[in-house]
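Student: Generate coordinates for the sequence data below:
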Amino acid sequence: MRRIILAIVSTTAALVFLLTFKTHNVSSVTAPPAAVGTPSASAGGGSGTSSGTGTSSGASPTPSSTPSGGSGASGSGSGISSAKTVTGDAADTIYGPVQVQITVKNGKLTAANATMYPTETPRDAQINAFAIPQLEQETVAAGNANIDAVSGATYTSNGYITSLQSALSKAGI
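Tutor: Take a look at the predicted model:
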């Protein structure tokens, strides 16, 4: 009888220990922030100096550069035939705001850059490191806001599309 009770108690204790054991995934915490900085640096280099104020594309540094666009539509004005940069309204999602800046040349969408998107948690950074470059590529390829959402990043995709439509409306496309 004592052996049965001892077996039940030790099995229960072992089960409780296993269920409360938490693992830490170090690779997903450190890898995504480096990947997040890469797309914005390359997109910022392609569209001039209008969007790049730092190497990180998090929500903190970007809003300070966003108001320089004024009402959203501002011409680059450096003599290149009718190229202008337009920033869409920030779209609020449950994870944070998403804002898109587009470059229009001769009435055609030539570049799209997400200037603000959620990077508060490592999971946000990981998801958006994959989703944002894909959304930017689809936008330039489509030339409009008729793009597909990225699987696994539905809220970011919906916010991106909302802000993109705002920017396209301001640009008159």
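Student: Would you map the helices across this structure?
Tutor: Secondary structure of the chain (DSSP state H): helices at 2-20, 26-46, 61-65, 122-142, 154-171.
Student: which stretch in those has the least confidence?
Tutor: Mean pLDDT values for the helices of the chain show the minimum at helix 61-65, a mean of 36.
Student: I'd assumed G88 was in contact with Q165.
Tutor: Yes - using Cβ atoms under 8 Å, Q165 is in contact with G88, at 7.2 Å. Just so you know, the C-beta spots here come from the backbone N, C-alpha and C atoms, and that holds for glycine as well.
Student: Compare neighbour counts for those two and give me the winner.
Tutor: More crowded of Q165 and G88, by other Cβ atoms under 10 Å: G88, with 28 against 18.
Student: quick one, phi psi at that one?
Tutor: For G88, the backbone dihedrals (degrees, to the nearest 10) come out as phi -80, psi 170.
Student: Surely G107 is in contact with I173?
Tutor: Yes - with contact defined as Cβ under 8 Å, G107 reaches I173; the gap is 7.0 Å.
Student: Between those two, point out the one with more neighbours.
Tutor: Neighbours of G107 and I173, each counted by other Cβ under 10 Å, are more numerous for I173; the result is 16 against 9.
Student: Quick check: A111 vs V100, distance?
Tutor: 11 Å (Cβ to Cβ, to the nearest Å).
Student: Of those two, which one has the most company?
Tutor: V100 (31 against 19).
Student: Now do the same contact list for the spatially closest residue to A167 that is not a sequence neighbour.
Tutor: Nearest residue to A167, sequence neighbours excluded (Cβ to Cβ, 6 or more residues apart in numbering): G88, at 3.2 Å. The neighbours of G88, taking Cβ atoms under 8 Å, 6 or more residues apart in numbering as the test, are 72, 99-102, 162-168, 170.
Student: now G107
Tutor: G107 sits in contact with S82, I173, where contact means Cβ under 8 Å, 6+ apart.
Student: pLDDT score for it?
Tutor: pLDDT at G107 comes out at 83.
Student: Next: G143.
Tutor: Per-residue pLDDT puts G143 at 88.
Student: does it really touch A111, like I thought?
Tutor: No - using Cβ under 8 Å as the test, G143 is too far from A111 to be in contact (11.3 Å).
Student: If you tally nearby residues, what's the number for Q126?
Tutor: 19.
Student: And A112, by the same measure?
Tutor: 28.
Student: Number the chain from 22, please
Tutor: Noted, 22 is the first residue going forward, which turns the last one into A133.
Student: For it, list each beta-bridge partner.
Tutor: Beta-bridge partners for A133, by DSSP bridges, are I123.
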